[in-house]
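Chemist: Give me coordinates for this.
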Amino acid sequence: MRTYCGVRLVLSGEDVAALRMPEVNPLLPAHGASPAPLLVHENLQAVGQAVAMVVADSHSQAEEVAALVGVRFDHTAHVDSDAEPI
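Modeler: Below is the predicted model of the structure:
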């Protein structure tokens, strides 16, 4: 494992698999929706979902290390907005 100056912590979805995003409003019922994971662990469901988190002393240090994060995708069937659901 490499270390980088100013970087305190790097987490992946596997590291925080048991954690979930807080509900938008805990006073309202969730309507059967399960809370979203904090970071993607096994199944990426949408463009823009977070796959890693970097904690560093400065924004620039965090960005530098975040750019080194690699993700391997196994492409599976997907649904386009114009396609019939699978």
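Chemist: Just the endpoints, please. Distance across stretch 54-68?
Modeler: Distance across stretch 54-68, first residue to last, is 11 Å (Cα to Cα, to the nearest Å).
Chemist: can you check stretch 3-21 too?
Modeler: 28 Å.
Chemist: Okay, buried residues for that stretch please.
Modeler: Buried residues in stretch 3-21, defined by neighbour count with 16 or more other Cβ atoms under 10 Å: 7, 10, 13. (C-beta placed from N, C-alpha, C; glycine too.)
Chemist: Enumerate every residue touching residue 64.
Modeler: The neighbours of residue 64, taking Cβ atoms under 8 Å, 6 or more residues apart in numbering as the test, are residue 4.
Chemist: let's see it at 10 Å
Modeler: Residue 64 makes contact with 4, 5, 6, 7, 54, 56, 58, according to Cβ atoms under 10 Å, 6 or more residues apart in numbering.
Chemist: thought the second one was touching residue 62?
Modeler: Translated: residue 5. No: look at residue 5 against residue 62 with Cβ atoms under 10 Å: they stay out of range, at 11.9 Å.
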